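Student: quick check, what structure comes out for this input:
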Amino acid sequence: MRLTVIGCSGSFPGPDSAASCYLVEHETVSEAGERRTWRLLLDLGNGALGALQRHVDPFTIDAVFLSHLHADHCLDLCGYYVMRKYHPSGAQPRIPVHGPADSARRLAKAYDLDEDPGMNEEFDFIEYDAAPVTVGPFTVTPTKVVHPIPAYALRVEAGGRAIAYTGDTAACAAVVESARGADLLLAEAAFREGDENPPGIHLTGREAGEAAREAGVGRLVLTHIPAWYDPELQREHAARVWDGPLDVAVAGATYDV
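Tutor: Residues are numbered from 1 along each chain as shown. The predicted structure is shown next:
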């Protein structure tokens, strides 16, 4: 698999990056020798649709997975709706959008649409349950985590490899279980260690490092760091408890897994 960071700024778009969006790609070869690249988006936060176009044709996306319904993780689905519905080449086929309960209604309201049809002619909204989801060669497993609204960590597997994405979450056992043995853990680190952080919302860099260590992952990539914090400080805090490969996400970075 290849992971491309489309947007990684925490809570709102920053000067150097859009909000959360990650492209995951995997190439398959048919028995006839035909190659096909499958593409998923993990989140589509505000500002991300513009950045996505620097990397791939948005019409080649096979499915979208939303970790939760805060604007910095889902709001550019509104622009994507416009693109797919009104493009001069014609309306595009529906693609699946997997997300928490009520995603279809909430996103219709975000664009001030009537709920019927809302965005349902452009997207096939599918609510998460406990079952893994299959899209082409990918298996995506959502795991509910701790956040003020329903939120999910997402584990993506293909070709015998695994990428784990925390979404937004406080420290909890579910994060570790979702990431168990993953080749790469993409972990939010929105809170700064030592501050009086409110409970039940985000990870610190140290907590992300602890989750990586407990899960036994191959590489840790810190993401969702707000523009008001120094990402190198978050890296330093994670490195105190995690001695494996460690990066801070930047827009445009790619990882082959």
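Student: isn't residue 197 up against residue 190?
Tutor: No - Residue 197 is not in contact with residue 190 according to Cβ atoms under 8 Å; the separation is 9.0 Å. Just so you know, the C-beta spots here come from the backbone N, C-alpha and C atoms, and that holds for glycine as well.
Student: with neighbour numbers in mind, choose between those two.
Tutor: Using other Cβ atoms under 10 Å as the criterion, residue 197 and residue 190 rank with residue 190 on top: 22 against 15.
Student: find the nearest non-adjacent residue to the more buried one, please.
Tutor: Spatially, and ignoring its direct neighbours in sequence, residue 190 is nearest to residue 202 (3.9 Å; Cβ to Cβ, 6 or more residues apart in numbering).
Student: cool, and residue 145?
Tutor: The shortest distance from residue 145 to any non-neighbouring residue, by Cβ to Cβ, 6+ apart, is to residue 169 (3.7 Å).
Student: doesn't that neighbour lie inside a helix?
Tutor: No - assigned with DSSP: H, G, I helix; E, B strand; the rest coil, residue 169 falls outside any helix and is coil.
Student: can you classify the residue nearest to residue 190 by secondary structure?
Tutor: Per three-state DSSP, the secondary structure class of residue 202 is coil.
Student: quick one, what contacts it?
Tutor: For residue 202, the contact set (Cβ atoms under 8 Å, 6 or more residues apart in numbering) comprises 168-170, 188-191, 224.
Student: among those, which pair sits farthest apart?
Tutor: 170 and 224 (12.9 Å; Cβ to Cβ).
Student: neighbour count winner among these two?
Tutor: It is residue 224, of residue 170 and residue 224, that has more neighbours when counted by other Cβ under 10 Å, with 28 against 21.
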